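K.L.:
structure of the sequence below:
(2 chains)
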Amino acid sequence: KAGVTQTPRYLIKTRGQQVTLSCSPISGHRSVSWYQQTPGQGLQFLFEYFSETQRNKGNFPGRFSGRQFSNSRSEMNVSTLELGDSALYLCASSMGQGESPLHFGNGTRLTVT
Amino acid sequence: QKEVEQNSGPLSVPEGAIASLNCTYSDRVSQSFFWYRQYSGKSPELIMSIYSNGDKEDGRFTAQLNKASQYVSLLIRDSQPSDSATYLCAVNDYKLSFGAGTTVTVRA
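P.N.:
Numbering: from 1, shown residues only, chains lettered A, B, ... in the order given. Below you'll find the model as predicted:
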């Protein structure tokens, strides 16, 4: 069974630009969650999508948005990039029930210069 | 208070010893608990899940849960150099919340 696939693996952007990250979940998983990981803050929850609807949201500014498609694939968009947005962005999928563990992709390393 | 707190490492243990990792959480209604392992430069990998009070063993790993004390722990027996990684405790309320992680180094 294929795992969670994230593209691209690496991105370098300039302040003020926008970026879109993509995530394909494990087949059969309907929930996709996004996390930001930085050395100082650890893993911070961005949002979760389930059946094309945002089900939960973390404490990030509105510049961070996402969506989920009918095939459960998800995209995350960050607009007006800031230097502090440099991080590893991780996508994780699950069956969507509370007890279901998350399975992470390899992440997208975003560097903002 | 952070939602999930882990003992601050780093934790250095000799090969063959037991590594003990601790985690406390603040939300009493949490029902699902997980341990993830993250190697440097890699993404987190699920190694244990536990839902009921008591112990759960899987190979060299044992997870312990005490909901009354809001405490989860992970024991790594017969530690190997390949166990050197950061271990993340995760607790499920309406989202999966992670602790900051404990970095374990196993000395050969």
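K.L.:
just give the closest residue to B:Leu96, not the sequence neighbours.
P.N.:
Nearest residue to B:Leu96, sequence neighbours excluded (Cβ to Cβ, 6 or more residues apart in numbering or on different chains): B:Ala90, at 5.0 Å. For the C-beta atoms, the positions are set from N, CA and C on the backbone; glycine is no exception.
K.L.:
surely the one you found meets B:Ser30?
P.N.:
No - between B:Ala90 and B:Ser30 there is no contact under Cβ atoms under 8 Å: 10.0 Å.
K.L.:
next, give phi and psi for the residue nearest to B:Leu96.
P.N.:
B:Ala90 adopts backbone torsions of phi -130, psi 140, taken as degrees, to the nearest 10.
K.L.:
how deep is it tucked in, by neighbour count?
P.N.:
Counted with other Cβ atoms under 10 Å in any protein chain shown, the neighbours of B:Ala90 add up to 24.
K.L.:
now A:Thr20
P.N.:
So A:Thr20, with other Cβ under 10 Å, has 14 neighbours.
K.L.:
element containing it, please.
P.N.:
In this assignment (DSSP states H and E), A:Thr20 forms part of strand A:19-24.
K.L.:
neighbouring strands for that strand, and are they parallel or not?
P.N.:
Strand A:19-24 pairs in its sheet with strand A:5-7 (antiparallel), strand A:74-78 (antiparallel), by DSSP bridges.
K.L.:
can you list the weak-confidence ranges in chain A?
P.N.:
Low-confidence segments of chain A (pLDDT under 70): A:98.
K.L.:
what's in contact with the strand holding A:Thr20?
P.N.:
A:4-8, A:11, A:13, A:32, A:34, A:73-78, A:81, A:89, A:91, A:93, A:105, A:108, A:110 (Cβ atoms under 8 Å, 6 or more residues apart in numbering or on different chains).
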